[in-house]
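Student: One predicted model, sequence on top.
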Amino acid sequence: MTWNGVSFESILTTIVAVLFAVAGAVNLAGRGAVKRDFARWGYPAWFRLLCGALELLSAALLLGQQTRVLGLTLAGAIMIGALITLLRNREPFRHLAPALIFSALIVVTMAVRS
């Protein structure tokens, strides 16, 4: 399906890439609440940096036509880990909602590719 010559898949992929780029930048910056959350969840300080780097890598992979499937796979794996962390720590729905939306966008993007 296309809209003004742009495929729905391209639009979704761009949205997911931007979201993961922003999330990666936020994790790498590690301002207040982000550092506190990772510590509260029992992760070492370096894990936040790893997550941020993987999110940025996922965003970059999503932008390449040849690497898009790898980017979606990595993004999906990141979100599985995030959802497990949030559920294991019984985070309120307001924290879970963004992770669910990211996950849904990944699933829809994968489905549109098929």
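Tutor: Arrived safely, thanks for sending. Quick caveat: nothing in here was measured; it's all calculated off a predicted structure.

Student: From here on, just use CA atoms for contacts and neighbour counts.
Tutor: Fine.

Student: At the geometric centre of this protein, which residue do we find?
Tutor: In the chain, the centroid-proximal residue (Cα atoms, centre = their mean) is Phe20; its distance is 4.4 Å.

Student: Can you tell me the element it falls in?
Tutor: Using DSSP states H and E, Phe20 falls within helix 8-29.

Student: so how far is that helix off the chain centroid?
Tutor: For helix 8-29, the separation from the chain centroid amounts to 7 Å (computed by Cα atoms, centre = their mean, to the nearest Å).

Student: Stretch 59-66 too?
Tutor: The answer for stretch 59-66 is 13 Å, by Cα atoms, centre = their mean.

Student: again with stretch 31-45
Tutor: The chain centroid and the centroid of stretch 31-45 are separated by 17 Å under Cα atoms, centre = their mean.

Student: Buried residues, it. List them.
Tutor: Across stretch 31-45, burial judged by 16 or more other Cα atoms under 10 Å covers 35, 38.

Student: try stretch 70-78
Tutor: 71-76, 78.

Student: How about stretch 100-108?
Tutor: Neighbour counts using 16+ other Cα under 10 Å place 100, 102-103, 105-106 of stretch 100-108 among the buried residues.

Student: which ones among these are found in helices?
Tutor: If you go by DSSP state H, those have 100, 102-103, 105-106 in helices.

Student: Dump those into CSV; add pLDDT and distance to Ser58 as well.
Tutor: Listed next are those as CSV, based on pLDDT from 0 to 100; distance: Cα to Cα, whole Å:
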residue, pLDDT, distance to Ser58
Leu100, 97, 17
Phe102, 95, 13
Ser103, 97, 13
Leu105, 96, 14
Ile106, 96, 11
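
Student: out of those, which one sits closest to Ala53?
Tutor: Nearest to Ala53 among these, counting by Cα to Cα, is Phe102 at 17.1 Å.

Student: Using PDB, write down the CA coordinates of the helix holding Phe20.
Tutor: Provided in PDB are the C-alpha atoms of helix 8-29 (Å, rounded to 0.1, in the frame of the first residue of the first chain):
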ATOM      1  CA  PHE A   8       3.100   2.200   4.400                       C
ATOM      2  CA  GLU A   9       6.000   0.000   5.400                       C
ATOM      3  CA  SER A  10       8.500   2.900   4.900                       C
ATOM      4  CA  ILE A  11       6.400   5.200   7.000                       C
ATOM      5  CA  LEU A  12       6.100   2.600   9.800                       C
ATOM      6  CA  THR A  13       9.800   1.800   9.700                       C
ATOM      7  CA  THR A  14      10.700   5.400   9.900                       C
ATOM      8  CA  ILE A  15       8.500   5.900  12.900                       C
ATOM      9  CA  VAL A  16      10.000   2.900  14.700                       C
ATOM     10  CA  ALA A  17      13.500   4.100  13.800                       C
ATOM     11  CA  VAL A  18      12.900   7.600  15.200                       C
ATOM     12  CA  LEU A  19      11.400   6.100  18.400                       C
ATOM     13  CA  PHE A  20      14.400   3.800  18.900                       C
ATOM     14  CA  ALA A  21      16.800   6.600  18.100                       C
ATOM     15  CA  VAL A  22      15.200   8.900  20.700                       C
ATOM     16  CA  ALA A  23      15.000   6.000  23.300                       C
ATOM     17  CA  GLY A  24      18.700   5.200  22.700                       C
ATOM     18  CA  ALA A  25      19.700   8.900  23.100                       C
ATOM     19  CA  VAL A  26      17.700   9.100  26.300                       C
ATOM     20  CA  ASN A  27      19.300   6.000  27.700                       C
ATOM     21  CA  LEU A  28      22.800   7.100  26.700                       C
ATOM     22  CA  ALA A  29      22.200  10.600  28.300                       C
END
